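[1] Generate a structure from the sequence data that follows.
(one chain, ligands or ions: 2)
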Amino acid sequence: MEYSSFLIKYGEIGVKGKNRYLFENALMQQIKYALKRCEGQFKVHKAEGRIYVDALSDFDQDEVTDNLKTVFGISGICPMTFSEDNGFEDLKVFVIDYMKKVYADASEGTTFKVYARRSNKRYPLDSMELNALLGEAILEAMPVLKVDVHNPDITLFVEVRERIYVYSEVIPGPGGMPVGTGGKAMLLLSGGIDSPVAGYMISKRGVKIDAVYFHAPPYTSERAKQKVIDLAKKVSRYSGPIYLHVINFTDIQLAIYEKCPQDELTIIMRRYMMRIAETIAKETGCLGLITGESIGQVASQTLASLAVTNEVCTLPVFRPCIGMDKLEIVEISQKIDTYETSILPYEDCCTIFVAKHPVTKPSLEIIAKHEHNLDEVIDDLLKNALETKETIVVSTDE
Ligand code: ATP
Ligand code: MG
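    Ligands and ions are numbered 1, 2, ... in the order given. Purely as a prediction, here's the structure:
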């Protein structure tokens, strides 16, 4: 079947009242962003309270649906075909032709109903008449089919506007809310499996994301940094463009390494990451931080460790993977295509400076006391890290 446009279905939650246009505009903007990755030209427009994507040139149906599936807020994608209004006899032929093409292999007893909507009130038949007459015509042309108005296998939608649009397939969208309707948050993005998934999940609720990566050259290589950029790019298919802030963390890490107890290195390092991420978040209008932490996954993610890490932040910290097992996180990373990149074996700053036996029950008092060992140097180091940050705009645009 050759389709010419798509009807975009979106959930009704959050769409009511005066915010509806904000929701729709954000959705249209994200649809346009996703379509830039597709061959062909498209028009995205709103008509009669619905959103349509019209193809203005040849396009690849699979490519377009795959990319629309990355747009949060879409609950269903309906490929449509249309006919000019040349009278009912012509429409009948068109509809029968559609059914024969799309359901050529329908088995005996497959049920259907016609669901017509007449928004062009000048059309001489009303929706009830259209349902009955088109249903009858289809039955006659395809005797294997049966009508079931309550629970049909196929619902054939016929929309009479200036032109007449026909569709019957609804391809599930990703759900969620359009990015941009939920404010902005700062993702701590490492090269691991969890943090890209965490970013994806928060973005799914309509939150725009920026990211910060702590780089420790020469202990972490350019390839490790490129891996994080690549991951940000994969997440940005869903989240839209990401401002990725790369912080040179080497001097801070060396200072911690030199002046603090070995078993507390990770937790103190994590606290400085959170402090720096929060500073940038506040400067850039982010309303929260996002991490890929999951309870008990490693020593720095026990409840006691999380409490000590969390203590340095005043912004809320969102941890969408917190209750997930590694396998569940892996499953999502495979779905969003970050997994293969995440498992590339480049060194990570946490693995290089890691202690053999990290504390699992850190005491806030003791950690805070040991952080005072850094008093003489830390202000300058933090200032320098922030001043030398490199910001890369990562997006899927060419
Ligand atoms: P991930 O797979 O996301 O790296 P992980 O299981 O390796 O997670 P940790 O290394 O303890 O866990 O990191 C916990 C969280 O801290 C990460 O999910 C990420 O949000 C943040 N984080 C860790 N290292 C970095 C880094 N180098 N740059 C930015 N954020 C980081
Ligand atoms: Mg990690």
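
[2] Need the three-state assignment for the closest residue in space to residue 319 that isn't next to it in sequence.
    Of all residues not flanking residue 319 in the chain, residue 293 sits nearest, at 4.9 Å (Cβ to Cβ, 6 or more residues apart in numbering). Glycine gets a C-beta too; all of them are placed from N, C-alpha and C. At residue 293 the chain is in coil, as set by DSSP: H, G, I helix; E, B strand; the rest coil.

[3] what about stretch 46-53, how long is it end to end?
    Distance between the two ends of stretch 46-53: 9 Å, counting by Cα to Cα, to the nearest Å.

[4] quick one: contacts of that stretch?
    5-8, 10, 24, 27-28, 31, 35, 42-45, 64, 68, 119, 161 (Cβ atoms under 8 Å, 6 or more residues apart in numbering).

[5] Show me which strand runs longest in the chain.
    Identified as the longest strand of the chain according to DSSP state E is strand 74-83.

[6] For that strand, name the packing helices and strands.
    Secondary-structure packing of strand 74-83 (3 or more Cβ pairs under 8 Å, 6 or more residues apart in numbering; DSSP states H and E): strand 5-10, helix 61-68, helix 88-102, strand 164-167, strand 171-172.

[7] what do you get if the cut-off is 6 Å, keeping everything else the same?
    strand 5-10, strand 164-167 (3 or more Cβ pairs under 6 Å, 6 or more residues apart in numbering; DSSP states H and E).

[8] Average pLDDT for the last one, rounded please.
    In this case it means strand 164-167. The average of the pLDDT scores along strand 164-167 is 94.

[9] do the same with stretch 6-23
    The predicted model assigns stretch 6-23 a mean pLDDT of 80.

[10] Between the two ends of it, how far is it?
    Per Cα to Cα, stretch 6-23 runs 19 Å from first to last residue.

[11] what does stretch 186-194 give?
    This stretch, stretch 186-194, spans 15 Å end to end (Cα to Cα).

[12] ok, now how distant is the residue in the stretch 151-300 of the chain that ligand 1 sits nearest to from residue 381?
    Closest contact between the stretch 151-300 of the chain and ligand 1, by Cβ to the nearest ligand atom, is at residue 192 (2.0 Å). To residue 381, residue 192 is 25 Å away according to Cβ to Cβ, to the nearest Å.

[13] how many other residues sit next to the residue of the stretch 151-300 of the chain closest to ligand 1?
    For residue 192, the number of neighbouring residues by other Cβ atoms under 10 Å comes to 20.

[14] Excluding residues flanking it in the chain, which one is nearest it?
    Using Cβ to Cβ, 6+ apart, the nearest residue to residue 192 is residue 342, at 5.9 Å.

[15] Measure how buried that neighbour is and give me the count.
    Residue 342: 23 neighbours (other Cβ under 10 Å).

[16] thinking it is in contact with residue 194, fair?
    No: using Cβ atoms under 6 Å, residue 342 is not in contact with residue 194, being 8.5 Å away.

[17] thinking again about what came up before, can you give me the mean pLDDT across the longest strand of the chain?
    94.

[18] now stretch 87-95
    Stretch 87-95 comes out at a mean pLDDT of 95.

[19] Off-centre distance for it?
    41 Å (Cα atoms, centre = their mean, to the nearest Å).

[20] Same check on stretch 42-56?
    Relative to its chain's centre, stretch 42-56 lies at 21 Å (Cα atoms, centre = their mean).

[21] Measure how buried the closest residue to residue 333 other than its chain neighbours is and give me the count.
    Using Cβ to Cβ, 6+ apart and skipping residues adjacent in sequence, the residue nearest residue 333 is residue 339, 4.1 Å away. Using other Cβ under 10 Å, residue 339 has 18 neighbouring residues.

[22] same question, residue 355
    Quick note: residue 355 (other Cβ under 10 Å) scores 15 neighbours.

[23] Assign a three-state SS to it, would you?
    Put simply, residue 355 is coil when judged by three-state DSSP.

[24] Is it correct that it is in contact with residue 267?
    No: judged on Cβ under 6 Å, residue 355 makes no contact with residue 267 at a distance of 9.6 Å.

[25] Next up, the contacts around the most centrally placed residue in the chain.
    Nearest to the mean C-alpha position of the chain, by Cα atoms, centre = their mean, lies residue 238 at 3.4 Å. Counting by Cβ atoms under 6 Å, 6 or more residues apart in numbering, residue 238 touches 70, 200, 203.

[26] Nearest spatial neighbour of the second one, chain-adjacent residues omitted?
    Pointing back at residue 200 there. That would be residue 336: by Cβ to Cβ, 6+ apart, it lies 5.2 Å from residue 200.

[27] for the last one, same thing?
    Of all residues not flanking residue 203 in the chain, residue 239 sits nearest, at 3.9 Å (Cβ to Cβ, 6+ apart).

[28] ok, that neighbour - contacts?
    Taking Cβ under 6 Å, 6+ apart as the criterion, residue 239 is in contact with 179, 203, 209.

[29] doesn't residue 301 make contact with the residue nearest to residue 319?
    Yes: Residue 293 is within contact range of residue 301, at 5.0 Å (criterion: Cβ under 6 Å).
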